[in-house]
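I'll drop the sequence and a predicted model, then ask my questions.
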Amino acid sequence: MFEYNKWNQEQWREFWSSDAEKAKEMLEAYERPLYIHVGDTKGKMNVTKFEDECFEIYTEKIWKVEC
């Protein structure tokens, strides 16, 4: 799983605090299908990004990137 990580820690911080448009732009670096595990970061990030039609709740802590 971690061999597919293309970002450094600062880029992940940027992603977690970003809005939907910035998140989608950043996620273009990854192939699909793509699932994002939020783990315990949920309280430390901007979750409104996942209200966009490009994201689907897969489980409580996992979102699927649809576009």
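Done, it's in. Numbering: from 1, shown residues only.

how would you label Phe15: helix, strand or coil?
helix (DSSP: H, G, I helix; E, B strand; the rest coil).

In contact with it: list those residues for me.
Trp7, Lys22, Ala23, Met26, Leu27 (C-beta atoms under 8 Å, 6 or more residues apart in numbering). For every residue, glycine as well, the C-beta is placed using N, CA and C.

Confirm that the second one lies within a helix, as I assumed.
Read it as Lys22. Yes: note on Lys22: a helix contains this position according to three-state DSSP.

what about it, distance to Asn46?
Distance of Lys22 to Asn46, given as C-beta to C-beta, to the nearest Å: 10 Å.

give me the low-pLDDT residue ranges for this structure?
With pLDDT under 70 as the threshold, the chain has low-confidence stretches at 1-3, 41-43.

Please enumerate the helices of it.
Counting by DSSP state H, the segments of the chain that form helices are 9-17, 20-27.

Let's have these in CSV, adding distance to Glu66.
What follows is the helices of the chain, written out as CSV (distance: least, C-beta to C-beta, whole Å):
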stretch, distance to Glu66
helix 9-17, 17
helix 20-27, 10
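
Would you mind finding the most buried of those helices?
Among the helices of the chain, judged by mean count of other C-beta atoms under 10 Å, the one packed with the most neighbours on average is helix 20-27 (a mean of 15).

That one versus helix 9-17: what angle between them?
150 degrees (axes from the mean of the first three to the mean of the last three C-alpha atoms, to 10 degrees).
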